[in-house]
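J.: A predicted structure for the sequence below; I have some questions about it.
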Amino acid sequence: MHIAIAGNIGAGKTTLTNMLSKHYGWETHFEDVEQNPYLNDFYEDMQRWSFNLQVYFLNSRFSQIQDIHSQEKTVIQDRTIYEDAYIFAPNLHSMGLMTTRDFENYFSLFNLMDSFVKAPDLLIYLRASIPTLVSHIQKRGRDYEESIRLDYLKRLNERYEAWISTYDKGKLLIIDIDNNNFTESQEDLGKIINMIDGEIHGLF
């Protein structure tokens, strides 16, 4: 079974992935942040590195999905291939940080990959307001995230909401992070686990 967690920068995807993995004994697949050769350059000069970064993510995510479906285990994945294609790349394009030529090239590559990809059995979307995202980003203190602007987060949030409102590839669970502090509250984590149990039992 393939479970995936989606959400904006700072929504809590990695933390929840770890917690659910520990609770259920699921194998984890994380976004490759530490080994990503483009991320620091991208935050320094988005226009120059946007296409390279997005192609790197696309390739990395596609490889992850191939790996997930080659296993018999249940895997929980931190961020999906769809978020790159429907949120991050079009956002960069609309902000003038990726050329139309590069965006069209990128999207045709995604469409090709998408034809080989099976959607997650369950997608968990972490919905969070900008103040919550900013608070989480500040808490974890990653150097390259210090330059993220509020309008950038806001644009991403709008795209996330638009994507989730039309998502029809499989089961979807939406968790409102403004009202669920699962990182510090066992009770709140328990609520999420109960919701997931309800969805998973419907998958068998």
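T.: Now that the structure is in, tell me what you want to look at.
J.: which helices and strands sit right next to whatever helix or strand Val55 lives in?
T.: Val55 is part of helix 46-69 when elements are defined by DSSP states H and E. When contacts are defined as 3 or more CB pairs under 8 Å, 6 or more residues apart in numbering; DSSP states H and E, helix 46-69 packs onto strand 2-7, strand 27-29, helix 39-44, strand 75-78, helix 81-83, helix 89-94, helix 100-114. Where C-beta positions appear, they are placed from N, C-alpha and C, glycine not excepted.
J.: quick one, which of these is nearest to Gln64?
T.: Smallest distance to Gln64 across these (CB to CB): 5.0 Å, for strand 27-29.
J.: for the residue minimising distance to the centre of the chain, what are its contacts?
T.: By CA atoms, centre = their mean, the chain has its centre lying nearest to Arg79, at 2.7 Å. Shown in contact with Arg79 (CB atoms under 8 Å, 6 or more residues apart in numbering): 4-7, 13, 31, 61.
J.: weakest of the helices and strands packed on helix 46-69 by average pLDDT?
T.: Out of those, helix 39-44 stands lowest, with a mean of 87 (criterion: mean pLDDT).
J.: hmm, back to that, for the helices and strands packed on helix 46-69, which one sits closest to Thr17?
T.: Judged by CB to CB, the one of these that comes nearest to Thr17 is strand 75-78, at 4.5 Å.
J.: Strand partners (parallel or antiparallel) of that closest one?
T.: Sheet pairing for strand 75-78, assigned by DSSP bridges, gives strand 2-7 (parallel), strand 27-29 (parallel).
J.: Kindly format the C-alpha coordinates of that strand as PDB.
T.: Taking C-alpha atoms only, strand 75-78 is exported to PDB below (Å, rounded to 0.1, in the frame of the first residue of the first chain):
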ATOM      1  CA  VAL A  75       5.300   2.800   2.300                       C
ATOM      2  CA  ILE A  76       4.500   6.300   3.400                       C
ATOM      3  CA  GLN A  77       5.900   9.100   1.200                       C
ATOM      4  CA  ASP A  78       6.700  12.700   2.100                       C
END
